[in-house]
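**Student:** kindly return the folded structure for what I paste below:
(2 chains)
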Amino acid sequence: MPRVEDDRLLRGHGRFTDDIDEGALESCLVRSPYAHARIKSIDVSAARAMPGVAAVYTAADLPFGGIDLPLLIPHPNLTHGRTQKCLASTVVRYTGEPVAFVVAESRSIAEDAAELVEVDYEQLPVVITPEYAAAARHLVHTDVPGNVAAEMTQEAGDTKKALAAAPHRKRLRLRYERGAASPMEGRAVWARWSEPERRLTVYDSTQSPTSIRGGLAVLFGLPESNVDVIAPDVGGGFGPKIMLFYPDELLVPFAAMHLGRPVKWTEDRSEHFTAVNHERGQVHEVEVGFDKEGKILALSDDFIHDAGAYTPYGIILPIITAAQVPGPYRVPNYRVRFRDVYTNATPTSPYRGAGRPHACFVMERTLDAIAKELGLDRVEVRRRNLIQTDEFPYPLGIAWQDGNEAIYDSGNYPALLNRAVEMLGPRPAGDHVGMGIAIYVEGTGVGPYEGAHVQVLVSGKVVAATGIPSQGQAHATVWAQVVADQLGVDVTDVQVTSGDTRRFPWGVGTFASRGAVTAGNAMFVAAGMVAEKAKRIAAEHLEADPADMELAGGQVRVKGSPDKGMPLAAVSVLANPVRYAFGGGTEAATQFSSKREGPPLQGGEEPGLEATGFYSPPGSTWASGCHAAYVRVDPQTFRLEILKYVVVHDCGKVINPLVVQGQIEGGVAQGIGGAFYERLAYGEDGQLRNASFMEFLIPYSTEIPEIEIDHIETPSPLNPLGVKGAGEAGVIPVGAVLASAIEEALGVAITEMPLSPLKLFELSR
Amino acid sequence: MKVNGVNRPAPVDPRRLLSDHLRHDLGLTGTHVGCEHGVCGCCTVLLDGAPVRSCLMLAVQAEGHEVTTIEGLAAPGAPLHPVQQAFHECHGLQCGFCTPGFVMSVVGFLEENPNPSPEQIDEGISGNLCRCTGYASIRRAVHRAAELSHKK
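**Tutor:** Now for the predicted structure:
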């Protein structure tokens, strides 16, 4: 069904954070122009003296200026985790790190004043690539030896022995560069402090308002109930909008409290490039052992992950990569070691795919290398190594991001491959045409939990709320479908609020393809509780057995006797035993008198036809898919033409096909951008040379082909809805597919991502 | 200047961009700002009927001209404009941030070319970036909008 949230967005009545004004002061950050430098002095006197400037803050002016920002998700292997200060006062470690915060009557005054802030820097040696960081000629943090934040080795089986015994062995060095999510809306924060109510209200273009609220309450010493955080319409997220905290997320509320006026900050595009987290940078050294049939006997992967200047998000990314390298294939002996190294570049945290596109690239390049070595068909080599349908649940022997062992819950990988090959069809005629194929699995729907509140109003309409916000994933439609299904009402009668702590204060956030699994199932649980309550109340008044009741057509009625029932609206009125009843259901409700004895609300009962339910997954669900493509590469201009691109996707049960299709099409487009057009070009001095859309080339429509999509559904056994999550899937295998196809088209070895016409020209020389 | 058919003689700071003037002085926040350097197309409005980047114009340059923003396509409560309707039917939007710019570009494009070929549709929307949809649904929406416009 089409989305219910479209109308206001299409009329220009969306409400994004920068749309909120209410006489707010405006602000801007003074950021470091150097990738690594010692701060000798900061002089803000001229900026403070400028007319129209309300305040200029440095670390010395902040009560929390001396503390390190939180390190999320600590891990025993993260022995040298480091986070930045809200504003740097001694050393800056990446270009764009904030040093001062200016608040003024308008943005233009704030920017003019920021120009007057004088910072005296002494430049320090810059560490920019992961290889350079690992060589440790210079240190990003003087107290982190070797630039190594974390090191972790895991093994399933005996890889050394199996490699030594393998009839064939192959070594590969594979490199994936940094990428940027680049949502069309940058980040923004708006805050208001009400002194009489001692209440802080924050609008934030975040993927996790509940967590932002928790952190702000602690930092400012307020009860959580005095802090409201709302993620209104958010213009795309894709991962980096879930960082706790970007400095502005503390500075804007602080300034609003300090100055007693609303304050807003809206990022501009150039600062988005250096101040919002990146991802993807990894270098892998792989050794694979295999037999003459092409079956993998052992795989060893030793990789470095580019953390950037700090590790606010812990080591989730390399942990995910380590677990996701084997993918849908049997790897009987697998050893993986990673080192997470500091560089003088923007910190990294998950970006759509989160450690998986690189993992998939590593495994699929390895399978192509095996096929080449043995002269076998690439599809056949994959077929021979796939995990079969009778092997689930399939334990990997490697840790997953939730700390437990990664265990695939379900899937049908051979069916994915067969269907994709069928859809791809015969090879197009012509020279310089190549075929690429890749299969992936994706651990989705991680916990710990999400919750939902569902209430039937006395009008019979339904409101539902969950803590996680939408950045375009159609929560208002999809949750309404789940709730409507449970309550037997029309979807358009269910109004969903998401990402507003005033309506639902608990939860974690929108990330890791987890919304449908966690919040979707929480909606299912809460709506189920409401349905049970409705059946009990209606049964009592109709003198029937609750087990015989059903909810359908806006009625609660006895199964098989459709005229013996009452409107859900009437049940809602009856659920609240007050003296003064209001609303559309009242008249109907008064026709039914309760025969119950005792107090109106008996032991444990609560008024209202509402419930709060939670869902906490026992483990990740594992979505999967196969992508395949034909490409042509012009041997003179190295222009890439994608002739055909097919996707077979399995995200378990599909709630809304239109929404899933949109997620896949969008994911593939981002994958194509990340594989061939978008490259963050850092100079050796740590300057990002292409921090604009003029030079960081996000694809337009002209670069994205039609994507042919088919689904198979293997419902997850782990949750009531049987869903697995679809948000990131589209992006994961695209680099691997295009690498394989371009390698064949041009006959040059592809061992790195992203590619570009220039890169292919260099490789072909 | 005239905005959505109404004279708006507001005094404007000479360095105020048209996009900022529409959003922050006139409260027409449906026009979005994605890059402020004329690449993303989120801020597209119609100037005398033709699509322009409102972030690449000063507000004072619009003096004496007629500006149409996304809010001007369909009155509140009235049915959606065919292009808006087509985006809804074809799931041509996800987060909705680039959407007003796309819709305004497509309105201008279909005025000039009411029967576009698939290649012309690609060209017609190639001045706007979308990070959510991968463009497939937007192409379908443009095709559908052309159909709906003819029926009207």
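**Student:** show me how chain B divides into domains.
**Tutor:** Domain ranges of chain B: B:2-72, B:82-151, per automatic domain parsing.
**Student:** nearest to chain A, of these?
**Tutor:** Chain A sits nearest to domain B:2-72 of all the domains of chain B, at 2.0 Å, using Cβ to the nearest Cβ. (Each C-beta comes from the backbone N, C-alpha and C, glycine too.)
**Student:** gap between the two ends of the closest one?
**Tutor:** This stretch, domain B:2-72, spans 11 Å end to end (Cα to Cα, to the nearest Å).
**Student:** about what we covered before: what would the domains of chain B look like in TSV with mean neighbour count and distance to chain A?
**Tutor:** Shown next, in TSV, are the domains of chain B (neighbours: other Cβ atoms under 10 Å in any protein chain shown; distance: least, Cβ to the nearest Cβ, whole Å):
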stretch	mean neighbour count	distance to chain A
domain B:2-72	20	2
domain B:82-151	22	3
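**Student:** closest to A:Pro618 out of those?
**Tutor:** Closest approach to A:Pro618 among these (Cβ to Cβ): domain B:82-151, 30.2 Å.
**Student:** for that closest one, what is the distance to the chain centroid?
**Tutor:** Computed by Cα atoms, centre = their mean, to the nearest Å, the chain-centroid distance of domain B:82-151 equals 10 Å.
**Student:** tell me the mean pLDDT over it?
**Tutor:** On average, the pLDDT along domain B:82-151 is 97.
**Student:** follow-up on the earlier one: got a markdown table for the domains of chain B, with distance to A:Pro717 too?
**Tutor:** As requested, these are exported to a markdown table (distance: least, Cβ to Cβ, whole Å):
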| stretch | distance to A:Pro717 |
| --- | --- |
| domain B:2-72 | 42 |
| domain B:82-151 | 30 |
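**Student:** tell me how far the residue lying closest to A:Ala104 once chain neighbours are set aside lies from A:Ala133.
**Tutor:** Using Cβ to Cβ, 6 or more residues apart in numbering or on different chains and skipping residues adjacent in sequence, the residue nearest A:Ala104 is A:Ala110, 4.0 Å away. For A:Ala110, the distance to A:Ala133 (Cβ to Cβ, to the nearest Å) stands at 35 Å.
**Student:** would you indicate which residues of stretch A:357-373 are buried?
**Tutor:** By 16 or more other Cβ atoms under 10 Å in any protein chain shown, the buried positions in stretch A:357-373 come out as A:357-371.
**Student:** where does whatever residue of chain A ends up closest to chain B land in three-state SS?
**Tutor:** Residue nearest to chain B within chain A (Cβ to the nearest Cβ): A:Gly12, separated by 2.0 Å. Secondary structure, DSSP: H, G, I helix; E, B strand; the rest coil: A:Gly12 is coil.
**Student:** now name the helix or strand holding the nearest residue to it once chain neighbours are set aside.
**Tutor:** With Cβ to Cβ, 6+ apart as the criterion, A:Gly12 has its nearest non-adjacent residue at 2.0 Å, and that residue is B:Gly30. Following DSSP states H and E, there is no helix or strand that holds B:Gly30.
**Student:** in a helix, A:Ile437, correct?
**Tutor:** No. With three-state DSSP as the criterion, A:Ile437 is strand rather than part of a helix.
**Student:** can you pull up the bridge partners for it?
**Tutor:** Counting by DSSP bridges, A:Ile437 is bridged to A:Ala628.
**Student:** report how many residues lie close to it.
**Tutor:** A:Ile437 is flanked by 24 other residues according to other Cβ atoms under 10 Å in any protein chain shown.
**Student:** gap between it and B:Thr29?
**Tutor:** 45 Å.
**Student:** lowest-confidence helix or strand of chain A?
**Tutor:** The weakest-scoring helix or strand in chain A, judged by mean pLDDT, DSSP states H and E, is helix A:586-589 (a mean of 64).
**Student:** quick one: contacts of the next helix or strand after it?
**Tutor:** As assigned by DSSP H and E, the chain's next helix or strand after helix A:586-589 is strand A:610-615. Contact with strand A:610-615 is made by A:449-456, A:506, A:518-519, A:521-530, A:533, A:719, as judged by Cβ atoms under 8 Å, 6 or more residues apart in numbering or on different chains.
**Student:** sitting in helices, which of the residues you listed do you find?
**Tutor:** Mapping those onto helices (DSSP state H) picks out A:521-530, A:533.
**Student:** and the residue nearest to the spatial centre of chain A, what does it touch?
**Tutor:** For chain A, A:Phe511 is the residue whose C-alpha lies nearest the centre (Cα atoms, centre = their mean; 3.1 Å). Contacts for A:Phe511 (Cβ under 8 Å, 6+ apart) come out as A:207-208, A:239, A:242, A:350, A:354.
**Student:** do that again at 7 Å, thanks
**Tutor:** A:207, A:239, A:242, A:350 (Cβ atoms under 7 Å, 6 or more residues apart in numbering or on different chains).
**Student:** which one is the last one nearest to, not counting chain neighbours?
**Tutor:** Across the structure, with Cβ to Cβ, 6+ apart as the measure, the residue nearest A:Pro350 apart from its sequence neighbours is A:Gly239 (4.4 Å).
**Student:** that neighbour touches A:Ala180, doesn't it?
**Tutor:** No. The pair A:Gly239 / A:Ala180 is not scored as a contact, 10.2 Å apart, by Cβ atoms under 7 Å.
**Student:** all strands for the stretch 351-500 of chain A, in order.
**Tutor:** A:394-399, A:405-408, A:433-444, A:450-456, A:462-466, A:494-498 (DSSP state E, counting those that start in this stretch).
**Student:** need those strands in a markdown table (columns: mean pLDDT).
**Tutor:** Formatted as a markdown table, the strands of the stretch 351-500 of chain A follow (pLDDT from 0 to 100):
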| stretch | mean pLDDT |
| --- | --- |
| strand A:394-399 | 95 |
| strand A:405-408 | 96 |
| strand A:433-444 | 97 |
| strand A:450-456 | 98 |
| strand A:462-466 | 98 |
| strand A:494-498 | 97 |
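**Student:** dump those to CSV, plus distance to A:Arg213.
**Tutor:** Below are the strands of the stretch 351-500 of chain A laid out as CSV (distance: least, Cβ to Cβ, whole Å):
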stretch, distance to A:Arg213
strand A:394-399, 30
strand A:405-408, 31
strand A:433-444, 25
strand A:450-456, 14
strand A:462-466, 14
strand A:494-498, 14
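**Student:** which one of these lies nearest to B:Asp13?
**Tutor:** B:Asp13 lies closest to strand A:494-498 among the strands of the stretch 351-500 of chain A, at 37.6 Å (Cβ to Cβ).
**Student:** using CSV, write down the CA coordinates of that closest one.
**Tutor:** Extracted in CSV, the C-alpha atoms of strand A:494-498 (Å, rounded to 0.1, in the frame of the first residue of the first chain):
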residue,chain,number,x,y,z
VAL,A,494,-3.9,4.1,12.9
GLN,A,495,-1.8,7.1,13.5
VAL,A,496,1.9,6.4,14.3
THR,A,497,4.3,8.6,16.1
SER,A,498,8.0,7.6,16.0
